[in-house]
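Asker: Sequence below, structure please.
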Amino acid sequence: MEKFIIKGGRRLEGEVVISGAKNAAVAIIPAVILSDEPCVLENVPNISDVSISLRILFEMGADVKYIGKNTVRIDATGIKEPIVPYEMARHMRASYYFLGSLLGKYKCARVALPGGCYLGDRPIDQHLKAFTALGAACAIDRGMVDAQAEMLLGSQIYFDIVSVGATINAMLASVKASGLTIIENAAKEPHIVDLANFLNSMGADIMGAGTDVIKVRGVKKLKGTTYAIIPDQIEAGTYMVAAAATKGNVLIKNVIPKHLESITNKLEKIGVNVEEFDDSVRVSVDGPLVKTSIKTMPHPGFPTDMQPQISTLLTLAEGTSIITEDIFDNRFRYVDELRRMGADIKVDGHVAIIEGVGQLMGAPVTAPDLRAGAALVIAGLAAHGVTEIDDIYHIERGYEDIEEKLRALGADIVKKNIPGAAVRKAL
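Answerer: Sure thing, here's the model as predicted:
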């Protein structure tokens, strides 16, 4: 079993380069299936979720070759069967994007119900609603989702709730459908726009990505392309919070500052200095951290994927902060671990009340999911003493070279194998 061991109390200083966006990569990689030619993806993050996506393609018959650390060439024209088995899908929530891409290309798809972090009830009914509207027959049989259609026809799709996953799957399934598809109440996250830009670079006709109405006019063929994935706003936000929690001074490079606006605004209210440049931000602290209230919302609101990290920062702030989680039911699973480190947090349903304690203490903790794990890393960096974090495979699902990047900023963090323990791997 691997764990992180962190000796806290060191200010983070220097520069860090942000990797490609996990949430964009795990949508764009399945989208390559729709192309009638090979594609080259650049700025691909070296994380386990990406490895799983690429392995799924390879197991289905695609030719997958790395031509650089973060550049991969994919030829998906050799896919034999449009099936993603349980053993592949169970490790990653985003495996359901293969449903939309396989259905769009082959008019049939069979994909196991997805796994990934347990964050409460995340049904795929809105995904199936989109497929059905396009003319597919959908069923769930022994843990597998089946979608089949004689042909896909453009349609009007209205989502009952804003769903990033359903929006992406609707785009993937409709891009080769006959006629016009209008997706209403669509999600507006940056990776939605990135997927649309990728598909358009292959010859798709998608308008309105980034708004709540997306129009997709179906095309018959999609060509190969070379495309660079956007920087990861959540990785950038995590390093912004880590710099603030250690009262450091860090230049965070390869970012799109506009994507970080909701994070930047809250950090500034807490007392953090954020200076924006064309493709970087500098984060520093020269005064006290103070309380604030945060409510997670779909983009452009404050992202749920940053809630555990900024909550950790608020344990170090003066006063009482209120966090309202409006996206996922189980986003507060990290609270018990922070309490081990001296945090004063009370949870009532979807609301967490955080009393600032000023200082956390190192302790043995366990990462319950990806973003909670990142929050515990931040807590360990800021804490007095040694923090040991178990189940770090969750963290490595979404953060490329996190220990190397933090060490380059002055952190005392090592990854250690514990002899004699069972090895747990995400792959």
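Asker: ok, residue 265 - how many residues close by?
Answerer: 12 (other CB atoms under 10 Å). C-beta coordinates here come from the backbone N, C-alpha and C atoms, glycine included.
Asker: That should have said residue 367, apologies.
Answerer: Counted with other CB under 10 Å, residue 367 comes out at 26.
Asker: Same question for residue 319.
Answerer: 13.
Asker: State the distance from the closest residue to it other than its chain neighbours to residue 19.
Answerer: Using CB to CB, 6 or more residues apart in numbering and skipping the chain neighbours, the partner closest in space to residue 319 is residue 291 (3.3 Å). Distance from residue 291 to residue 19, counting by CB to CB, to the nearest Å: 32 Å.
Asker: With neighbour numbers in mind, choose between the two.
Answerer: residue 19 (26 against 17).
Asker: List the contacts of the more buried one.
Answerer: Residues in contact with residue 19 (CB atoms under 8 Å, 6 or more residues apart in numbering) are 43, 45-47, 70, 231-232, 235, 254, 400-401.
Asker: try residue 418
Answerer: Here residue 418 is in contact with 1-3 (CB under 8 Å, 6+ apart).
Asker: can you tell me how far it sits from residue 2?
Answerer: Residue 418 is 8 Å from residue 2, by CB to CB.
Asker: Spell out which residues are contacts of both of the two.
Answerer: In contact with both residue 418 and residue 2: no residue, using CB under 8 Å, 6+ apart.
Asker: how about the lowest-mean-pLDDT helix or strand in the chain: buried residues?
Answerer: Lowest by mean pLDDT, DSSP states H and E among the helices and strands of the chain is helix 86-89, with a mean of 78. Buried residues in helix 86-89, counted by 16 or more other CB atoms under 10 Å: 88-89.
Asker: Could you do stretch 280-290 as well?
Answerer: Quick answer for stretch 280-290 (16+ other CB under 10 Å): 280-285, 289.
Asker: can you pull out the helices in the chain?
Answerer: Assigned helices in the chain, in chain order: 22-31, 48-60, 86-89, 97-106, 125-133, 164-174, 190-201, 233-245, 261-270, 307-314, 335-340, 370-382, 393-396, 402-408 (criterion: DSSP state H).
Asker: Can you give me the neighbour number for residue 344?
Answerer: Around residue 344 there are 13 residues (other CB under 10 Å).
Asker: go on, residue 406?
Answerer: 24.
Asker: likewise residue 186?
Answerer: 26.
Asker: Mind pulling up the pLDDT for the residue in the chain sticking out farthest from the centre?
Answerer: Most distant from the centre of the chain: residue 150, at 33.5 Å, with distances by CA atoms, centre = their mean. pLDDT for residue 150: 96.
Asker: One more: residue 328?
Answerer: Value listed for residue 328 in the pLDDT field: 71.
Asker: Distance check, it against residue 89.
Answerer: 20 Å.
Asker: Then residue 226?
Answerer: From residue 226 to residue 89 the distance is 28 Å (CB to CB).
Asker: quick one on the thing from earlier: which two among the contacts of residue 19 are spaced furthest apart?
Answerer: Within the contacts of residue 19, 47 and 254 form the most distant pair, 15.6 Å apart (CB to CB).
Asker: Selecting buried members of the contacts of residue 19 in ChimeraX, what would you type?
Answerer: Selection of the buried residues among those in ChimeraX, burial being defined by 16+ other CB under 10 Å:
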select :43,45,47,70,231,232,235,254,400,401
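Asker: Going by distance to residue 162, which of the contacts of residue 19 wins?
Answerer: residue 232 (21.0 Å).
Asker: Who are the contact partners of that closest one?
Answerer: 18-24, 45, 398.
Asker: quick check, nearest of those to residue 76?
Answerer: Using CB to CB, the contacts of residue 232 come closest to residue 76 at residue 24, 17.8 Å.
Asker: Spatially nearest residue to the closest one (excluding sequence neighbours)?
Answerer: According to CB to CB, 6+ apart, the nearest residue to residue 24 is residue 191 (3.8 Å).
Asker: Verify the stated contact: the one you found with residue 23.
Answerer: Yes: using CB atoms under 8 Å, residue 191 is in contact with residue 23, at 4.3 Å.
Asker: what do the two both touch?
Answerer: residue 164.
Asker: Please report how far the residue nearest to residue 167 when sequence neighbours are not counted lies from residue 193.
Answerer: Using CB to CB, 6+ apart and skipping residues adjacent in sequence, the residue nearest residue 167 is residue 187, 4.2 Å away. Residue 187 sits 10 Å away from residue 193, going by CB to CB.
Asker: Between those two, tell me which one has more neighbours.
Answerer: Neighbour count, other CB under 10 Å: between residue 187 and residue 193, residue 187 has more, with 23 against 20.
Asker: Next, count neighbours for residue 184.
Answerer: With other CB under 10 Å as criterion, residue 184 counts 11.
Asker: how about it, what does it touch?
Answerer: Applying CB under 8 Å, 6+ apart, the residues contacting residue 184 are 156-159, 212-213.
Asker: Separate out the buried members of the residues you listed.
Answerer: Here, 16+ other CB under 10 Å leaves 157, 159 buried among the contacts of residue 184.
Asker: and which of the contacts of residue 184 is nearest to residue 346?
Answerer: residue 159 (33.8 Å).
Asker: confidence score at that closest one?
Answerer: Reported pLDDT for residue 159: 97.
Asker: list the contacts for it?
Answerer: 126, 129-130, 166-167, 183-186.
Asker: Ok, residue 22 next?
Answerer: 45, 47, 49-50, 232, 234-235, 397-398.
Asker: If you tally nearby residues, what's the number for the nearest residue to it once chain neighbours are set aside?
Answerer: Distances taken as CB to CB, 6+ apart place residue 398 nearest to residue 22, at 4.7 Å, with adjacent residues excluded. Counted with other CB under 10 Å, the neighbours of residue 398 add up to 28.
Asker: Next: residue 223.
Answerer: Neighbour number of residue 223 under other CB under 10 Å is 12.
Asker: The stretch 201-350 of the chain: strands as residue ranges?
Answerer: 205-207, 213-217, 226-228, 249-253, 273-276, 280-284, 293-295, 320-324, 344-348 (DSSP state E, counting those that start in this stretch).
Asker: Right, I'll leave it there.
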